[in-house]
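J.: Using only what follows, build the 3D model:
(chains A and B)
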There are 2 protein chains.
Amino acid sequence: MRLAVVGTGLIGASAGLAAKRAGASAVVGWDDDRSALDVAAEREAVDPAGSLADALRDADVALVAVPVAALPAVVGAVLQHAPARCAVTDVGSTKGAVCAAAGSDSRFVGGHPICGAETRGPGRASADLFEGATWFLTPLTTTEPDLYRAAHAFVASLGARPFAIDPEAHDRLVAVTSHLPHALANVLLNQAGASLVEGNDPLATAGGSLRDMTRIAGANPRIWVDIFLENRIALAVALAEHRRRVEQLETALAAGDAGFLARWIGEASGNRRRMLDTAYEDVGALHRMRVHVPDRPGVLAGIFQALGAARINVSDFDLEHLSPDRGGTLTILVGGESDALVAARLLEEQGYGVVVAPVLDE
Amino acid sequence: MRLAVVGTGLIGASAGLAAKRAGASAVVGWDDDRSALDVAAEREAVDPAGSLADALRDADVALVAVPVAALPAVVGAVLQHAPARCAVTDVGSTKGAVCAAAGSDSRFVGGHPICGAETRGPGRASADLFEGATWFLTPLTTTEPDLYRAAHAFVASLGARPFAIDPEAHDRLVAVTSHLPHALANVLLNQAGASLVEGNDPLATAGGSLRDMTRIAGANPRIWVDIFLENRIALAVALAEHRRRVEQLETALAAGDAGFLARWIGEASGNRRRMLDTAYEDVGALHRMRVHVPDRPGVLAGIFQALGAARINVSDFDLEHLSPDRGGTLTILVGGESDALVAARLLEEQGYGVVVAPVLDE
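T.: Residues are numbered from 1 along each chain as shown, chains lettered A, B, ... in the order given. Okay, here's the model as predicted:
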């Protein structure tokens, strides 16, 4: 398999490294930004081409990994130069505009890996970037089946999980799962940041919930302005629906409607269980341990060594800093109550106070 | 110092354990629920009293740790039985109603520890629960200064950080930092859970952003219905302001206003820096490493041992499961770029692919 990578930033260069590891016979790269191409070549992620046309000569698969606003034009140019039997795909976060630009060209299949990577230079590329990640593919009825299969096999060879979906459905789906959460994180943080309460800055006394909710706020404007604008139609629908639901809550609060609130929280609890069900073998058995740990090297190694020695399989964990002198809160998820109690005893023997609780409330 | 704990659930029993550790000469407990009192006594968190009046006899400080809806009545009863020189405080998430109920009794000081604990039985109590946590205190002009000082010293002795604030300002502050985020997490998850997109469940393809944003969704309805209702006035103001900000975003999207979006994301980025500034020594130097790890015992111990041996001080970290067969994504925060590069090299030597990036975008 001969791969052409057009746009050798973090994602393009990482795809090059992963494709080489998977046994691609050639990985040729091109980037309008000469320095990005040089760095990707130095990292041996791609062999640099002299031009876009050179990069595409004899390619079986062409991956276009440029910013979302540049996609329609670059995909157009790639389709112009790519061989007749070359599958052309991309990595854009929205699929409507690029699929429209590709028109009915049977070689094009839109793509979108969910790898949590912001655009950064190829200097930070990693062959593992797509390991286990969902990678949406958006074939159209005009897409040549063999070329769709080639794109599918290519994506799977990088370690990702291909997930076929209609381009317009893709954009509505990510509006709800990604763009709406991002937008609300910004809205929430800007509201908290602007609300001085009798001289007290809410940001200075923020607990874990505000931090959890705004982890993705303020992310790279160079990428996100374009994503929001590209997907503005689906996002506007999601935002209007969000406002409708907020108004519903305001009505329930004004009426003191405890029944509504209980059902509404119960519905969220059920949804959370359904969401986590894809990630854990038995989400109902998951237990959470909370431990306060000091800010000192070696503390974490000691904790995970003890848990590893007892064959406790840690599902998730999270350490959140309180402040330089107050250490942090360590949260550890394990797969069952008995494991949690063993783990809690081990940590108590090391002098930690442990609070154990099931992850899902019944 | 003689402490009376009224309500010996997780928080009351944990306060008992912490007070004993801090050298309290007596910790006497009372709970209407006999089994909660028995468990707290078995754990040696409190000496059980025969009645509320017995528990309060000779107390210097009385801590009322009952559910928020029961607070006004229980605080009233405690004030009736408590000695003239006893400071009476509570742990409720909202302060308006309980402070109004205490009226102008000079012995009462409202309190609210931010310890992330849901109500659970005393069986999970821990002396470390309040370590490093902010503990709001809401003295009134009628509060006797010596008794306020006693409450302040008591809270500090448990390992918490007292933070004095007006009760009404407290309720507006937590509406923004805690109750609004909680409400929005529920709204967002219920919207995603109800939006089937051409047969695709958004919850099944949810990426890290939706999971981050809804970690606190669906939390214990027995507690949260009352919190939302108790603080419904301040929460309604926060929700209306939230809707106003969402509409502003909708207007900008409809107009394709890239300038607004860039400024809005930039504002969020600045707010995020300000929020994290309280938690880290030098937030601008923080670097994030992302690693894909398999689902196997011992993996984490190996990673943290290598980092500990190289004296890399890990600020925060997070492991998020993708699925039982796909392992998870490990995110590690370290205090500077040079540490991050050393750490990345160590992990690469163990065969992991590492993506390094600064936490805050410039």
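
J.: From A:Val91, how far off is the residue nearest to A:Gly76 when sequence neighbours are not counted?
T.: The spatially closest residue to A:Gly76, leaving aside those adjacent along the chain, is A:Ala101, at 5.8 Å (Cβ to Cβ, 6 or more residues apart in numbering or on different chains). Every residue, glycine included, has its C-beta placed from N, CA and C. Distance, A:Ala101 to A:Val91, by Cβ to Cβ, to the nearest Å: 15 Å.

J.: just A:Arg57 next, same as before
T.: 22 Å.

J.: Between the two, which is the more surrounded one?
T.: Neighbour comparison, A:Arg57 and A:Val91: the larger count goes to A:Val91, with 25 against 15 (by other Cβ atoms under 10 Å in any protein chain shown).

J.: still on that earlier bit, tell me, how many residues neighbour the residue nearest to A:Gly76?
T.: Neighbours around A:Ala101, by other Cβ under 10 Å: 16.

J.: Could you do A:Ala306 as well?
T.: So A:Ala306, with other Cβ under 10 Å, has 16 neighbours.

J.: I'd say A:Arg172 and A:Ala234 touch.
T.: Yes: A:Arg172 is within contact range of A:Ala234, at 4.7 Å (criterion: Cβ atoms under 8 Å).

J.: tell me the SS of the residue nearest to A:Met213 when sequence neighbours are not counted?
T.: Spatial nearest neighbour of A:Met213, excluding adjacent residues (Cβ to Cβ, 6+ apart): B:Pro181 at 4.4 Å. Assigned by DSSP: H, G, I helix; E, B strand; the rest coil, the conformation of B:Pro181 is helix.

J.: Please list all residues in contact with B:Pro181.
T.: B:Pro181 is in contact with A:188, A:209-210, A:212-213, B:216, counting by Cβ atoms under 8 Å, 6 or more residues apart in numbering or on different chains.

J.: Tell me which residue of the stretch 51-200 of chain A lies closest to chain B.
T.: A:Asp128 (2.9 Å; Cβ to the nearest Cβ).

J.: Which pLDDT does the model give the closest residue to that residue other than its chain neighbours?
T.: Take A:Asp128 and drop its neighbours on the chain: the residue closest to it by Cβ to Cβ, 6+ apart is B:Gly353, 2.9 Å away. pLDDT recorded at B:Gly353 is 82.

J.: Let me see the ranges of the helices in the stretch 51-200 of chain A.
T.: A:52-56, A:71-81, A:96-102, A:145-157, A:167-174, A:180-194 (DSSP state H, counting those that start in this stretch).

J.: so where do the strands sit in chain A?
T.: A:2-6, A:26-30, A:47-48, A:61-64, A:87-90, A:108-113, A:134-138, A:161-164, A:287-293, A:314-323, A:327-334, A:354-358 (DSSP state E).

J.: Sheet-wise, list the partners of the shortest one with their directions.
T.: Looking at strand A:47-48 with DSSP bridges, its paired strands and their directions are strand A:26-30 (parallel).

J.: pull the helix or strand with minimum mean pLDDT from chain A.
T.: Taking mean pLDDT, DSSP states H and E as the measure, chain A has strand A:314-323 as its least confident helix or strand, at a mean of 82.

J.: right, is that strand up against chain B?
T.: Yes: using Cβ under 8 Å from any Cβ of the partner chain, strand A:314-323 reaches chain B at A:314-323.

J.: Selecting buried members of these in PyMOL, what would you type?
T.: PyMOL command restricting the residues of strand A:314-323 next to chain B to the buried ones, with burial defined by 16 or more other Cβ atoms under 10 Å in any protein chain shown:
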select buried, chain A and resi 314+315+316+317+318+319+320+321+322
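
J.: picking that back up, can the strands of chain A go into a markdown table with extra columns for distance to B:Gly193?
T.: A markdown table is the format used below for the strands of chain A (distance: least, Cβ to Cβ, whole Å):
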| stretch | distance to B:Gly193 |
| --- | --- |
| strand A:2-6 | 38 |
| strand A:26-30 | 41 |
| strand A:47-48 | 47 |
| strand A:61-64 | 33 |
| strand A:87-90 | 30 |
| strand A:108-113 | 22 |
| strand A:134-138 | 18 |
| strand A:161-164 | 19 |
| strand A:287-293 | 22 |
| strand A:314-323 | 21 |
| strand A:327-334 | 22 |
| strand A:354-358 | 21 |
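
J.: B:Gly132 is nearest to which of those?
T.: strand A:314-323 (4.6 Å; Cβ to Cβ).

J.: I figured A:Ser178 hits A:Ser93, correct?
T.: Yes: here A:Ser178 reaches A:Ser93: they are 7.5 Å apart, a contact under Cβ under 8 Å.

J.: Outline the domain layout of chain A.
T.: A:2-165, A:170-256, A:283-358 (automatic domain parsing).

J.: Identify whichever of those domains lies nearest to B:Ser269.
T.: Closest among those, using Cβ to Cβ: domain A:170-256, at 3.1 Å.

J.: what about that closest one, start to end distance?
T.: 39 Å (Cα to Cα, to the nearest Å).

J.: Using a markdown table, lay out the helices of the stretch 51-200 of chain A together with mean pLDDT and distance to B:Thr138.
T.: Listed next are the helices of the stretch 51-200 of chain A as a markdown table, based on pLDDT from 0 to 100; distance: least, Cβ to Cβ, whole Å:
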| stretch | mean pLDDT | distance to B:Thr138 |
| --- | --- | --- |
| helix A:52-56 | 98 | 66 |
| helix A:71-81 | 97 | 54 |
| helix A:96-102 | 93 | 52 |
| helix A:145-157 | 98 | 56 |
| helix A:167-174 | 96 | 44 |
| helix A:180-194 | 97 | 20 |
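
J.: Low-confidence ranges, chain A, go.
T.: The model of chain A has pLDDT under 70 over residues A:116-119, A:324, A:361-362.

J.: quick one, phi/psi of the residue located most distally from the centre of chain A?
T.: Distance to the chain centre peaks in chain A at A:Ala255, reaching 38.9 Å (criterion: Cα atoms, centre = their mean). Reported as degrees, to the nearest 10, the phi and psi values for A:Ala255 are phi -90, psi 0.

J.: What is the burial count for A:Ala309?
T.: 12.

J.: now do A:Thr329
T.: Neighbours of A:Thr329 (other Cβ under 10 Å): 22.
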